[in-house]
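> structure for the following, please:
(one chain, ligands or ions: 1)
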Amino acid sequence: MRLSTQIALSMIIAACMVGLLAGEAVRYFETSRLHKTLEERANLTISLLNGLMMEDIIIEDVPMIESSLREAVIRNPALEGITVYNESGERIAQYPEDFKPDENTWEFSQNVELEGEVFGKISVHWSTKQGEIQIQNNVAQARIYAAAALAVLTGLFLFLTYKLVLYPLSVVHSRMAATLSGDPWSDLKLPKLASKEFLSLSASVTTLDNILIERTEREEALQIARKNADAASKSKSEFLANMSHEIRTPMNGVIGMAELMLETDLDRDQRLYTETIAKSGAALLTIINDILDFSKIEAGKMTFEQAPFCLQRALEDIVTLVASKASQNNVEVSLRYDPELATVFVGDAGRVRQVVTNIIGNAVKFTQDGQVIVQARGVDVGNKTDLCISISDTGLGIPEDNLKTIFQEFEQVDGAANRKFEGTGLGLAISTRLVRMMGGRIEVESKVGEGSTFSIYLSLERSNTQLASVIDVEADLRGVSVLVVDDLEINRVILSEQLRNWGAIPTTADCALRALEILKEAAANNQMFDLIIVDFQMPDVDGFELARRIRQKQGMVGTPMILLSSVEQTAEVRTQKEFGFSEVLMKPARSVVLKSAIATALNLEKSDEKKKKPGAVDGKSVLEHLNGLRLLVAEDNKTNQLVVKTMLKKLQLDMEIAENGIVVRDKYTLYQPNVILMDMSMPKMDGLEATREIRRIEAELNIPRCPIIALTANAMKGDREQCLRAGMDDYLSKPIVKAKLISHLLKWYKKPAVKEALVASE
Ligand code: ADP
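Now for the predicted structure:
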């Protein structure tokens with residue numbers, strides 16, 4: 001309801017009430033006035049009659065009384081009747097004789113007295129009808145006047161209310177509505193008479209309007225900025241993909257050629273220069289990969305695979321890879337994988353490897369002399385395991401102030417000792433973000449001069465999938481007694497645990513002399529160890545010397561021995577033969593490798609084929625499997641053609657080069673290759689299109705499918721899917737690494753013997 005209506009209604013109700021009250025007041029006063037008048041008149045009339053009829057009443061002269069009464073009634077129309085009583089109260093006369101009082105009759109009586117003696121009583125009856133009508137009229141009049149006065153007042157009040165309140169209010173309201181809906185309102189003005197309150201209300205609306213206009217402008221600017229940012233981000237990721245391609249292609253040339261050059265005869269200086277090129281190239285590639293990864297995370301383009309992978313195998317791989325480099329610095333890297341912990345988990349193996357590699361890499365980098373221990377533990381929670389992979393080193397350590405900052409991008413500890421190490425300061429920043437995106441966290445504890453421990457916490461789902469790589473060597477080692485000789489406690493613990501896990505019975509010795517003592521005691525008790533595992537680098541008496549002394553002992557000439565070493569030269573066949581080691585393994589030995597080596601040493605494995613161990617890919621026997629392979633290489637870049645050609649130069653295979661997709665298609669039908677290496681981007685027809693063409697031809701002619709391996713410099717996720725969707729079988733990213741190229745060729749060149757060799761190498 002509008003305010004004016006509300007006011008009008010209230011005024012009407014008030015007018016009605018005031019009218020009613022005024023009427024009632026008038027009625028009250030008029031009635032009392034009427035009664036008073038009647039009383040006076042009755043008094044007067046009775047007094048007159050009293051004087052006139054005193055004697056007649058005393059003598060009870062009824063005719064006389066009656067004529068006086070008639071006279072009085074005729075003269076006074078308001079007088080309805082008069083009754084006279086004698087002294088004993090009996091009616092002696094009445095006029096009119098048949099008079100009967102009704103409700104409008106008002107009676108007034110007075111005694112007839114003379115000198116204090118009562119002779120009778122006169123009652124006069126007055127009609128109040130006339131008076132009542134008069135009163136009624138007066139009441140009505142009073143009501144009308146009151147209502148009229150109030151109506152006028154209401155009008156005036158409404159007029160003022162409209163002018164002073166309602167109109168300014170409606171103007172402010174319209175301005176407010178216009179402000180909220182963003183319409184202009186400049187033509188709406190407050191009247192000149194507007195009160196101070198409305199002027200300040202209007203000023204507030206103006207302020208609000210200004211704020212809203214500002215906010216709208218800011219929002220519009222933000223929208224535009226966001227659109228621009230989206231566009232920039234899109235072009236950034238496209239730029240990234242392109243840059244990744246553009247940089248990797250020449251890097252492929254640099255690294256590939258440097259690697260190849262190192263295989264030729266070089267003098268000292270040339271070798272140094274070439275090694276520097278290869279090392280710098282590899283370092284540059286790491287930096288490029290870091291920056292690309294970081295940009296991918298920043299652009300929100302990082303996605304994670306969910307597939308079963310073997311954590312133990314992944315950790316062993318990383319440790320093996322890092323260990324040989326670390327050994328050059330006198331750093332020993334060991335892995336302890338909790339025997340109770342499951343091995344196969346669901347997650348992004350590549351990203352887990354990336355994080356662990358980076359942290360182990362740092363540990364090795366910042367440790368000059370000592371050891372790096374990698375431990376994997378976990379607690380099962382439902383179908384998941386809360387994993388903790390900790391990497392402890394005995395290196396430089398990190399000052400407390402830097403413990404938080406090192407996880408930020410481009411942050412490095414700025415100390416004299418740290419300055420000599422290369423690095424971008426991106427590794428930990430990327431690792432932390434990757435782990436966080438996988439739902440985990442990285443923690444660090446460190447003491448300067450004592451070392452650091454980085455712990456990666458991740459919760460991963462366990463998987464029951466049987467991966468080819470985790471199929472165990474079948475040998476049964478139950479009951480085999482083994483003497484483990486190593487000066488480092490952690491290595492003794494790890495080896496004993498592994499051995500116990502396989503059912504063997506380990507005994508440990510922390511130095512060569514202790515080992516000799518144990519052997520002596522055993523011999524005295526007529527007990528012989530089935531196998532001795534010896535560490536090469538030990539203080540005082542090293543592995544070779546120990547082996548020599550063992551061999552001199554009676555009855556120990558034939559005891560199988562395995563040498564564990566982190567120095568590569570020891571692996572030479574010569575030393576192996578000289579000291580009678582049945583196997584020499586690089587530390588840390590992967591459990592499957594160790595078990596297979598033990599089985600071989602104890603002559604437990606049945607077929608020769610099974611002896612093929614991981615890493616044997618580069619061995620002569622396996623490479624022979626590639627003899628006669630017809631390989632078609634689709635690559636437009638001359639340098640890359642040369643890299644592939646030279647990498648495979650020493651193999652007896654038959655190679656054809658095609659410089660674009662159309663040539664690939666033609667050569668495919670003429671040459672009938674066993675495997676095709678297909679570059680993704682080529683002129684005229686790209687790799688994807690060429691693959692589709694080849695698959696079409698195969699379907700048309702009903703010939704067996706030729707394996708196609710993509711060669712691509714595009715490191716962005718999605719490329720692999722794109723290649724597979726186009727009909728390719730595998731994927732090799734540039735720069736091409738010789739070992740990977742060969743293992744891929746072995747994998748796809750389907751000769752029955754190769755397949756078996758691969759079971760071992762995978
Ligand atoms: P980068 O190794 O490329 O410099 P990171 O982000 O991997 O970058 O590491 C950041 C810094 O943290 C390193 O520069 C180093 O100062 C410090 N740091 C990392 N790991 C260790 C470690 N294990 N021992 C000592 N310092 C470390």
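
> in terms of helices and strands, where is the residue nearest to residue 730 when sequence neighbours are not counted?
Distances taken as C-beta to C-beta, 6 or more residues apart in numbering place residue 709 nearest to residue 730, at 4.6 Å, with adjacent residues excluded. To be clear about C-beta, it is placed using only N, CA and C from the backbone, and glycine gets the same treatment. Assigned by DSSP states H and E, residue 709 belongs to strand 708-712.

> spit out the contact partners of the residue in the stretch 201-350 of the chain that the ligand sits nearest to.
Closest residue of the stretch 201-350 of the chain to the ligand, C-beta to the nearest ligand atom: residue 290 (7.6 Å). For residue 290, the contact set (C-beta atoms under 8 Å, 6 or more residues apart in numbering) comprises 424, 426-427, 430.

> make TSV out of these and add secondary structure and neighbour count.
Output for those, formatted as TSV (DSSP: H, G, I helix; E, B strand; the rest coil; neighbours: other C-beta atoms under 10 Å):
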residue	secondary structure	neighbour count
424	coil	16
426	coil	20
427	helix	24
430	helix	23
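
> and which of these is nearest to the ligand?
residue 427 (2.7 Å).

> and stretch 428-445, end to end?
Separation of the first and last residues of stretch 428-445 by C-alpha to C-alpha, to the nearest Å is 14 Å.

> chain center to that stretch, what's the gap?
Mean-position distance between stretch 428-445 and its chain equals 15 Å (C-alpha atoms, centre = their mean, to the nearest Å).

> contacts for that stretch, please.
Residues contacting stretch 428-445 (C-beta under 8 Å, 6+ apart): 290, 293-294, 297, 302, 304, 347-348, 351-352, 354-355, 358-359, 362, 398, 403, 406-411, 452-459.

> quickly find the element holding the residue of the stretch 201-350 of the chain closest to the ligand.
Counting by DSSP H and E, residue 290 is part of helix 268-298.

> any idea what the residue in the stretch 451-600 of the chain that the ligand sits nearest to is bridged to?
Closest residue of the stretch 451-600 of the chain to the ligand, C-beta to the nearest ligand atom: residue 452 (4.3 Å). Counting by DSSP bridges, residue 452 forms beta bridges with residue 446.

> wait, a helix at residue 93?
No. Applying DSSP: H, G, I helix; E, B strand; the rest coil, one finds residue 93 to be strand, outside a helix.

> following the helix holding residue 290, which helix or strand shows up next?
Downstream of helix 268-298 (by DSSP H and E), the next one is strand 307-310.

> show me what that following strand is packed against.
Counting contacts by 3 or more C-beta pairs under 8 Å, 6 or more residues apart in numbering; DSSP states H and E, strand 307-310 is packed against strand 344-347, helix 349-365.

> hmm, back to that, by contact count, what packs against the strand holding residue 709?
Packed next to strand 708-712, using 3+ C-beta pairs under 8 Å, 6+ apart, are strand 675-679, helix 687-701, helix 719-726, strand 730-733, helix 738-748.

> could you dump those into TSV with distance to the ligand, mean neighbour count and mean pLDDT added?
As requested, the helices and strands packed on strand 708-712 are exported to TSV (distance: least, C-beta to the nearest ligand atom, whole Å; neighbours: other C-beta atoms under 10 Å; pLDDT from 0 to 100):
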stretch	distance to the ligand	mean neighbour count	mean pLDDT
strand 675-679	32	27	90
helix 687-701	34	17	88
helix 719-726	26	16	78
strand 730-733	22	17	79
helix 738-748	25	18	76
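
> okay if I get these as CSV plus distance to residue 239?
CSV is the format used below for those (distance: least, C-beta to C-beta, whole Å):
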stretch, distance to residue 239
strand 675-679, 21
helix 687-701, 21
helix 719-726, 16
strand 730-733, 19
helix 738-748, 27
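
> for residue 4, which of these is the nearest?
helix 719-726 (72.9 Å; C-beta to C-beta).

> not counting its own residues, what contacts that closest one?
Residues outside helix 719-726 that contact it (C-beta under 8 Å, 6+ apart): 680, 687-689, 691-692, 710, 712, 731.

> and of the helices and strands packed on strand 307-310, who's closest to residue 203?
So among those, helix 349-365 is nearest, using C-beta to C-beta, at 60.2 Å.

> could you check the next helix or strand along the chain from that closest one and say which residues are buried?
Scanning forward in sequence from helix 349-365 by DSSP H and E, the next helix or strand is strand 370-381. Across strand 370-381, burial judged by 16 or more other C-beta atoms under 10 Å covers 371-378.

> from those, which one has the minimum pLDDT?
Lowest pLDDT of the buried residues of strand 370-381: residue 371, 90.

> out of everything not next to it in sequence, what's closest to that residue?
residue 332 (4.6 Å).

> where does the stretch 151-300 of the chain have low pLDDT?
185-187, 237, 241-242, 244-245, 248-249 (pLDDT under 70).

> would you map the helices across it?
All helices of the stretch 151-300 of the chain, identified by DSSP state H, counting those that start in this stretch, fall at 167-181, 196-262, 268-298.

> redo the ones you listed as CSV? Include distance to residue 188.
Conversion of those to CSV gives the following (distance: least, C-beta to C-beta, whole Å):
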stretch, distance to residue 188
helix 167-181, 5
helix 196-262, 10
helix 268-298, 50
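
> any idea how far residue 181 is from the spatially most central residue of the chain?
Compute the mean C-alpha point of the chain, and by C-alpha atoms, centre = their mean the closest residue is residue 437, 8.8 Å away. For residue 437, the distance to residue 181 equals 44 Å [C-beta to C-beta, to the nearest Å].

> with residue 449 instead?
Taking C-beta to C-beta, one finds residue 449 at 70 Å from residue 181.

> likewise residue 205?
Counting by C-beta to C-beta - residue 205 and residue 181 are separated by 13 Å.

> settle it for me: which of the two has more neighbours?
residue 205 (21 against 8; other C-beta atoms under 10 Å).

> all strands of the stretch 51-200 of the chain, in order?
79-86, 91-95, 105-114, 117-127 (DSSP state E, counting those that start in this stretch).

> of the ones you listed, which approaches the ligand most closely?
Closest among the strands of the stretch 51-200 of the chain, using C-beta to the nearest ligand atom: strand 105-114, at 118.6 Å.

> who touches the closest one?
35, 38-39, 42-43, 46-47, 50, 53-54, 57-58, 80, 101, 118-128.

> may I ask you to confirm that residue 709 is in contact with residue 679?
No. Residue 709 is beyond contact range of residue 679, at 10.5 Å (criterion: C-beta atoms under 8 Å).

> give me the low-pLDDT residue ranges for the stretch 501-650 of the chain?
Residues of the stretch 501-650 of the chain that meet the cut-off, pLDDT under 70, sit at 566-577, 588, 590, 604-624.

> for it, what spans make up the helices?
512-524, 543-552, 573-579, 591-601, 620-623, 638-647.

> JSON lines for the helices and strands packed on strand 307-310, including mean pLDDT?
Output for those, formatted as JSON lines (pLDDT from 0 to 100):
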{"stretch": "strand 344-347", "mean pLDDT": "92"}
{"stretch": "helix 349-365", "mean pLDDT": "90"}
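
> how many residues are close by the residue of the stretch 451-600 of the chain closest to the ligand?
Residue 452: 24 neighbours (other C-beta under 10 Å).

> from memory it sits against residue 394, does it?
No. With contacts counted by C-beta under 8 Å, residue 452 stays clear of residue 394, the gap being 9.1 Å.

> touching both of these two, which residues are there?
By C-beta under 8 Å, 6+ apart, no residue touches both residue 452 and residue 394.

> from residue 94, how far out is residue 80?
Applying C-beta to C-beta to residue 80 and residue 94 gives a distance of 11 Å.
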